[in-house]
Structure formats: C-alpha cells, structure tokens
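In: Next comes the sequence, and after it the predicted model I'd like to discuss.
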Amino acid sequence: MSSAASTNSPRAAESGSSVVISVDAMGGDRGPAVVVAGMAKSAGKNPDVRFVVHGPRDELNRLIARHKVLADRCTVRDAAGVVTMHDKPSQVVRNGEGTSMWSAIESVRTGEATVTVSCGNTGALMALSMIRLRKLPGVNRPAIACLWPSRNPQGFNIMLDVGADVRADAPDLLQYALMGASYARNGLGVEHPRIGLMNVGTEEHKGKAELKLAQEMIARAAESGGHFDYIGFVEGGDLASSKVDVIVMDGFTGNIALKTGEGTAKLVGGFMRDAFNNSILSRFAALLAMTSLKRLQKRIDPRRVNGGVFLGLNGTVVKSHGAADATGVSAAIKLAFRLAQSGFQDRLAARVAQSQAAIANESQKDATPGDSDTGVAKES
C-alpha cells in the first residue's frame, strides 16, 4: 500500500475528538476522483476527520496520493465491485457482497467507523443498510431526512421522509417527528425544535384519517416531555418558512416535494442567467450586483445542503447526491462528522424508544372501551 493510505486501524489512529468516516468511493456519477477530492476538501478544513475508503485499492491509493492533506488519514479497504445507479436493490442485497457500498456499510456495522457516506444508488444503499445494520428496535419504516433552505436562523429546515418508503401510518409519522427533532438538535443545533405535519391545509378537519391520528399522537408526545413544540398541520408553502424547524410527511409526498424544489431552483437560476444576458445593460447590471448575486448563489447552492440522513437504523448513513462534485461530497462529510461528534446515534435510539412508549400508550387507550374517545375529547 502506498504511503498515502495508512494500514493501521482508524480506531488506533484516532486522537482527541477525531471521528472516523467510512466513504464509499464508487457509485457516484462523477467517479472516485471527485469523491477523494471532496474528502481532501473536508480534511483541509477539519483536522479531526479520518477516513476508511472503499473501492479498488490500487486506484484509490493513486488518487489519495495526489492530496497531501490525506496522508496518514486514510485506510483503504479493497472492494472491486461497484453498485451502479441502474442496479435493482433486490439484486444488490443478494449479490452485493464485495462491492464498495457493502464494504462501507460493513465498517460501521463492525465499529471501525462511526458514519457511512455514499454517493451511490439510494434504493440499494437503503436496502443494504437495513440488511447489514438492521433497524432500531421498534422502527417499522426508516426515513430519509434532508435539509431544506429556510428563513430560520440555522438557514435550513429538516424534511422527512423524502423517499425511504412511500407509505407511513400514524405511528410511523410519530417516529419521524421524534427522529427529526433529534436530528435538528444534533445536526443543526436547534435546542427546542418546532415540528409541523404536512397536510393539504392547516385546518384540523382536513386530511386523511392517519394524519389526524398522527396529529394527536405527536401533540401528546410534545406535551409529555418530548423536548419539542408541535405547531400542527403545515402546507407546502411552509417548507422554507421560519415557523417550523422539522416538517414530517410520508416518503411519497416528500420525494415529490424534494424533486420539485430542485427543479424549481434550476428553473429560477436559468431564468436569472437569461435575464442578465439579455442585453449589454443587463450584463452591466449583473456586474454591479455581482456581490449580492454571489451571496444569493451561495445561500441557495444545493451543494451546501448535500446529504440525506437515513434515520431509524443501528448506525448512521449519509446519502450524498449521485452527481455531487467535490464541494457537495465535502458538505456530506461535514454533516456526517457533525452527527458523529454529537453522539447522534445514541440519542436517536433514545428518541425511538420514547416513541415506542407513546405508541404503546395509544394502543392501550384503544384497547380500553370509552377511554380513547374520552382522551380525544379532552385533547380537543
């Protein structure tokens, strides 16, 4: 192995507050060179991050050797196989052993690393994560949480689920709320998050039966010491507002909202470029407004919010966008580091246990004739 990649165990190499992150170097649209460049970008800003990198050993050693900042901060795990964007999750589960994605998840499962970061196939990554890491006790459906630019002081809101599962019952939505609150505290530093439940309107009589039941369950969890505020139903226009920190929804709704937002951002960006290139005067106006435009571009740059977190597993997995460049990969690694350093996984497990207690309490009420109706009447 070249000098660029340490052969020692990352645990042995840790010092102080160092965090070891497992990186799937393959599977992204731009190839391993961009992933390694993102690692170098992150390492240059953070002396406490170390890596276990998964992929073809010789190729990765050559790429890592190009970045002096990565010297003695990487351990390479040889994995010849690659999960492509076209592979079906079921096929990957059956035949994925030996791939860089499988190996990256395995490093977290064995305790070699704290967090996995991958740019690969989302469905396959979730399927392998569920098989190798297993779900936390009591979790029915894991969720994918993403950051959404907002007017809040932290600059972002958390939205979940954005595609792990198209379905979600009331107990699932309660778990999403508690996991989202934990993510807000540990990932964004929001001490007392405000939770909103996505619906077709804010009026209490609107929405499907499972949404109305989820509303009651989340409200009770907030009142019983959930360390968050439940503000009720929210609408699509509230995704970027300052009235809420965490927006809860099923994966079908969340994935559509996410893709719609990405498409709208690209459309607005294209319209702005067309407007400023329309004439000599508009180009001059763009030059005068350059500082403000750069500030706006930085604020809405999707690369800064790259990284969806898989919640509800026995291990933390961060999914980077498949087309991420070095800046995007670095952003995903930064998020992974922050979550690992905060002890996020242990705190998340505690929140899931709390949700199980709340669900058990609801089931007990339903099993006792008359109690459930009385409880709902008192809440209203």
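Out: That came through fine.

In: low-scoring pLDDT stretches of this protein, where are they?
Out: Scanning the chain for pLDDT under 70 picks out 1-17, 226, 288, 290, 292-306, 354-380.

In: hey, where'd the helices end up in it?
Out: For the chain, the helices defined by DSSP state H occupy 10-13, 32-45, 57-65, 89-95, 100-109, 122-133, 170-187, 209-223, 251-276, 280-288, 290-300, 326-341, 344-367, 371-379.

In: I21 is nearest to which of those helices?
Out: Closest to I21 of the helices of the chain is helix 326-341 (Cβ to Cβ; 5.3 Å). The way it works is simple: take the backbone N, C-alpha and C, and place the C-beta from them, glycine included.

In: could the helices of the chain be laid out in TSV, adding mean neighbour count and distance to F156?
Out: Converted to TSV, the helices of the chain look like this (neighbours: other Cβ atoms under 10 Å; distance: least, Cβ to Cβ, whole Å):
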stretch	mean neighbour count	distance to F156
helix 10-13	14	30
helix 32-45	22	19
helix 57-65	19	31
helix 89-95	15	28
helix 100-109	25	25
helix 122-133	22	20
helix 170-187	26	9
helix 209-223	19	21
helix 251-276	14	12
helix 280-288	11	27
helix 290-300	11	10
helix 326-341	23	11
helix 344-367	16	16
helix 371-379	12	31
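
In: Show me the domain layout of the chain.
Out: Domain assignment for the chain by automatic domain parsing gives 1-134+313-342, 141-307+344-380.

In: Stretch 38-58: end-to-end distance?
Out: This stretch, stretch 38-58, spans 19 Å end to end (Cα to Cα, to the nearest Å).

In: can you check stretch 82-89 too?
Out: This stretch, stretch 82-89, spans 13 Å end to end (Cα to Cα).

In: From the rest of the structure, what touches it?
Out: Outside stretch 82-89, the residues that touch it by Cβ atoms under 8 Å, 6 or more residues apart in numbering are 26-27, 29, 55, 92, 96, 99-102, 120-121, 123-128, 322.

In: Report the buried residues of that stretch.
Out: Buried residues in stretch 82-89, counting neighbours by 16 or more other Cβ atoms under 10 Å, are found at 82-83, 87, 89.

In: show me what contacts the residue nearest to R151 when sequence neighbours are not counted?
Out: Sequence neighbours aside, S242 is the residue nearest to R151 in space, at 4.2 Å (criterion: Cβ to Cβ, 6 or more residues apart in numbering). Listed by Cβ under 8 Å, 6+ apart, the contact set of S242 reads 150-152.
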